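Undergrad: Provided below are the primary sequence and the corresponding predicted coordinates.
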Amino acid sequence: MSQPTPRPPLNMGAMGGTRDEIVERMDDLVATFNVLMGTELDLVDDPSGGATDCKTVIRVPFDDPEAYLICEHELSHPFAETDLELTEMFREKAVERLLTRAGIPITSPDAIPYKKKLAMLVHHLWNVLEDWRCCSVWGEVYYGGATLLRQRWESVAQYDMAKDSEEDLAAYLGRLAAGFDTPTAPPEFRKCAPHMISARAQVELVDNKACLAITARLVDDIADELLGFYPPDPKKNSPQSQAQAKLHALAQTLSVGTPPSAQNSDPGKLGAKDLQPDPTKGTKGSKRRVSAKAMGQMRKLMTASNKDGDPAANKKSSLQSLLDDGTEKMQQRISAAKSKLGQQTKSQKNQQEEVLVNAGRVCGIDTKYVSPVVSLPKPSRKAGGMRRYLEQIHLEQTSIPAFTGTKIHVPTFVQARLSGNLSSYPVFQRTEESGGLQLLILADVSGSMVGHGLDMLEQALADVEFSCKALPVDLHLWAFSSSLYLFKKFGSPRNAPGLQMQYTSMVQALDVAVEWSKAGKTDRGVILITDGLPTSCRHRKSSGNPSKDLQDVMKELRGDKVILSVLAIGSRTDQYDSVFGEKKYGLVKSLADVPGALADATRIIVEVHLKK
């Protein structure tokens, strides 16, 4: 029997680093959110995995290379207001309701075969949806962390959950939520798939209460689907016998004891135990004191339906009302957080700057921010040659399904009508813009550029800035010599405070660009402006040869589908051809050559970009 392919390590890029660096950044992150949320969460090293009680502690395995991502995931729960006490009450009531419908008192010995399994299923389904919900909320504040976490879920689902998904319904649905179906799973599992997909879509950017209501409906929908595979005895076709058959159907689809996909607290697995209280607590017949208000709230969550509305009378369903209220609450939470983060000493912009500075450490080059003080020259008369290529880049508008709106998403509406369950589908449409280009100009400011080389560089920057105006191109400027200088705004590197024109650490600077590009590979491009080749080796994975290291970094960029072009200053075409490739760069021998050469370099970028 062949061994399964091991899950490849997640490339943390600038979110990685040494243990001490990661722990320091996690401390800062938790401290920032303690101020923001008015909490006193303690960051604790826990080698067994990430976990949180949402009130007092954030547990993270400090030695895990993905520790910072785990910390973000655990923080997303208190930030998105995950309520574990309400959830525990919900799980108890959900199990009790299923047993009551089957005519089995929760204290009855007949309930014993079902209680633990049902509690685990209800909790697992909620935890899957709650993880997805919290990730969507976190992504509104820290897009990069949420994106990387979803990549981790996808990787774990692909490599680690395939076998479990063939044998256990909870594992199957958790893997499905992470984006991977299991064609070899039993047909009764796959019959439940549309309900999980619909529920996952509904929980984005809502609150915990709405998530619980969606979970209650998901449990019922799954039980109804499974009833077709495990029907009741036709001789006992009473409502009670049908309900008992539902319990039997649910029990048949779960492995004995804890579902395999929930056996650890790895947040890479959607629905893991990072929020896991005792799944059987409260199911032994003991009654806790619950306020009338809490009981009313619970009944509202448990009975929320998408079928009790009246579109003709402009009356929302009870489920839609919960979703709308939850969305409004989370949007207020997100807006308040963004405002407060902007007031923190370490604002989001500061954190993004720190990410790049840390990337410089990883790549072995001192990295600092500078501001230009000298104005760029006027653009060349022929700067439009570059612009005509950039004008081919457009923002694309895409209509995607949504549960609220004023316009109908026709394909989904047709599918919903055919299914006979119109209210379960996102039949409205929302327009999203995508495309555009993030363009990084990586400029050589080593000692050899002093004089005529710097003049040509300034002219190239002036033409680039002119050509990108009013176009969907977001410009960034970095310059490198022995250090890497990140410009706070686009301008001339001449006499920039703190910038020193020394040696050519081109490979290290490009290596940092590799890290920068990972946040948006599909829409990022780099134009390298240089008058020579590197004089130092790569800090990591070096071959010991500067030119070979340069080729390796360029290959890595292009292999990640990041567009790289070169504006080469000088006349050494044979040397440039051997490294960059024949006709793979624009050549500048004098100031008069800048517009044409820059147009050539831009053409390479745009042609590749448009093919994506």
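TA: On my side now, so go ahead. Owing to the predicted nature of the structure, the values given are computational and were not obtained by experimental measurement.
Undergrad: Check the offset of the helix or strand Trp126 falls within from the chain's centre.
TA: Assigned by DSSP states H and E, Trp126 falls within helix 112-139. Relative to the chain's own centre, helix 112-139 is displaced by 20 Å; criterion: C-alpha atoms, centre = their mean, to the nearest Å.
Undergrad: Okay, strands next: where are they in this protein?
TA: Counting by DSSP state E, the chain has strands at residues 42-45, 51-52, 57-60, 367-370, 395-402, 428-435, 437-444, 473-480, 484-487, 524-530, 563-569, 586-588.
Undergrad: and of those strands, who's closest to Asn314?
TA: strand 428-435 (15.0 Å; C-beta to C-beta). For every residue, glycine as well, the C-beta is placed using N, CA and C.
Undergrad: I'd like to know which elements the helix holding Trp126 is packed against.
TA: helix 67-79, helix 84-101, helix 143-160, helix 169-177, helix 193-202, helix 208-227, helix 239-252, helix 318-343 (3 or more C-beta pairs under 8 Å, 6 or more residues apart in numbering; DSSP states H and E).
Undergrad: send the alpha carbons of stretch 35-50 over as CSV?
TA: Once non-C-alpha atoms are left out, stretch 35-50 reads as follows in CSV (Å, rounded to 0.1, in the frame of the first residue of the first chain):
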residue,chain,number,x,y,z
VAL,A,35,-6.1,47.3,23.6
LEU,A,36,-8.5,47.2,20.7
MET,A,37,-10.9,44.7,22.4
GLY,A,38,-10.5,45.7,26.0
THR,A,39,-9.3,42.2,26.9
GLU,A,40,-6.3,40.8,28.8
LEU,A,41,-5.5,37.7,26.7
ASP,A,42,-2.2,36.0,27.6
LEU,A,43,0.0,34.5,24.9
VAL,A,44,1.2,31.1,26.1
ASP,A,45,3.5,28.5,24.5
ASP,A,46,1.6,25.2,24.0
PRO,A,47,3.5,22.5,22.0
SER,A,48,0.2,20.5,21.7
GLY,A,49,-1.3,23.1,19.3
GLY,A,50,-3.2,26.3,19.0
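Undergrad: In that stretch, which residues are buried?
TA: For stretch 35-50, a neighbour-count test (16 or more other C-beta atoms under 10 Å) marks Leu36, Met37, Thr39, Leu41, Leu43, Gly49, Gly50 as buried.
Undergrad: Distance from the chain centre to that stretch, please.
TA: With C-alpha atoms, centre = their mean, you get 21 Å for stretch 35-50.
Undergrad: Could you check how sure the model is about that stretch, as an average pLDDT?
TA: Average pLDDT, stretch 35-50: 89.
Undergrad: follow-up on the earlier one: pLDDT averaged over the helix holding Trp126 - what is it?
TA: For helix 112-139, mean pLDDT rounds to 88.
Undergrad: What residues of that helix count as buried?
TA: For helix 112-139, a neighbour-count test (16+ other C-beta under 10 Å) marks 114-139 as buried.
Undergrad: OK, contacts around the closest residue to Ser371 other than its chain neighbours?
TA: In space, not counting the residues next to it along the chain, Ser371 is nearest to Lys488; the distance is 4.9 Å by C-beta to C-beta, 6 or more residues apart in numbering. By C-beta atoms under 8 Å, 6 or more residues apart in numbering, the residues touching Lys488 are Tyr369, Val370, Ser371.
Undergrad: out of the residues you listed, which are buried?
TA: Neighbour-count burial (16+ other C-beta under 10 Å) is assigned, among the contacts of Lys488, to Val370.
Undergrad: Flag the shaky bits of the stretch 351-500 of the chain, pLDDT-wise.
TA: Scanning the stretch 351-500 of the chain for pLDDT under 70 picks out the ranges 351-352, 393-406, 409, 414-425, 427, 430-436.
Undergrad: picking that back up, the helix holding Trp126 to helix 169-177, inter-axis angle?
TA: Inter-element angle recorded for helix 112-139 and helix 169-177: 20 degrees (by axes from the mean of the first three to the mean of the last three C-alpha atoms, to 10 degrees).
Undergrad: what's the angle between helix 112-139 and helix 67-79?
TA: Per the same axes, to 10 degrees, the angle that helix 112-139 makes with helix 67-79 is 100 degrees.
Undergrad: sorry, back to before: ok, now how distant is the residue nearest to Ser371 from Met37?
TA: Lys488 sits 30 Å away from Met37, going by C-beta to C-beta, to the nearest Å.
Undergrad: Repeat that for Leu149.
TA: As judged by C-beta to C-beta, Leu149 and Met37 stand 20 Å apart.
Undergrad: Leaving out chain neighbours, which residue sits closest to the spatially most central residue of the chain?
TA: Most central in the chain under C-alpha atoms, centre = their mean is Thr147, positioned 1.5 Å from the mean C-alpha point. Nearest non-adjacent residue to Thr147, counting by C-beta to C-beta, 6+ apart: Gly139, 7.1 Å away.
Undergrad: Tell me how many other residues crowd the nearest residue to Phe180 once chain neighbours are set aside.
TA: Leaving aside its chain neighbours, Phe180 sits nearest to Ala157 (4.4 Å; criterion: C-beta to C-beta, 6+ apart). Ala157 has 26 neighbouring residues, counting by other C-beta atoms under 10 Å.
Undergrad: Please report the distance of Ala157 from Pro61.
TA: Distance, Ala157 to Pro61, using C-beta to C-beta: 21 Å.
Undergrad: Out of the contacts of Lys488, which is nearest to Asp221?
TA: For the contacts of Lys488, the nearest to Asp221 is Tyr369 (52.6 Å; C-beta to C-beta).
Undergrad: surely the closest one meets Leu486?
TA: Yes - the pair Tyr369 / Leu486 is scored as a contact, 5.0 Å apart, by C-beta atoms under 8 Å.
Undergrad: which ones are touching Pro379?
TA: By C-beta under 8 Å, 6+ apart, the contact list for Pro379 reads Ala462, Asp463, Glu465, Phe466, Ser467.
Undergrad: and what of Val594?
TA: By C-beta under 8 Å, 6+ apart, the contact set of Val594 is Ser380, Met456, Gln459, Ala460, Asp463, Val588.
Undergrad: how about the nearest residue to it once chain neighbours are set aside, what does it touch?
TA: Of all residues not flanking Val594 in the chain, Gln459 sits nearest, at 4.8 Å (C-beta to C-beta, 6+ apart). Contacts for Gln459 (C-beta under 8 Å, 6+ apart) come out as Pro377, Ser380, Leu591, Val594.
Undergrad: Next, format the residues you listed as JSON lines and append distance to Arg200.
TA: Listed next are those as JSON lines, based on distance: C-beta to C-beta, whole Å:
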{"residue": "Pro377", "distance to Arg200": "54"}
{"residue": "Ser380", "distance to Arg200": "52"}
{"residue": "Leu591", "distance to Arg200": "57"}
{"residue": "Val594", "distance to Arg200": "52"}
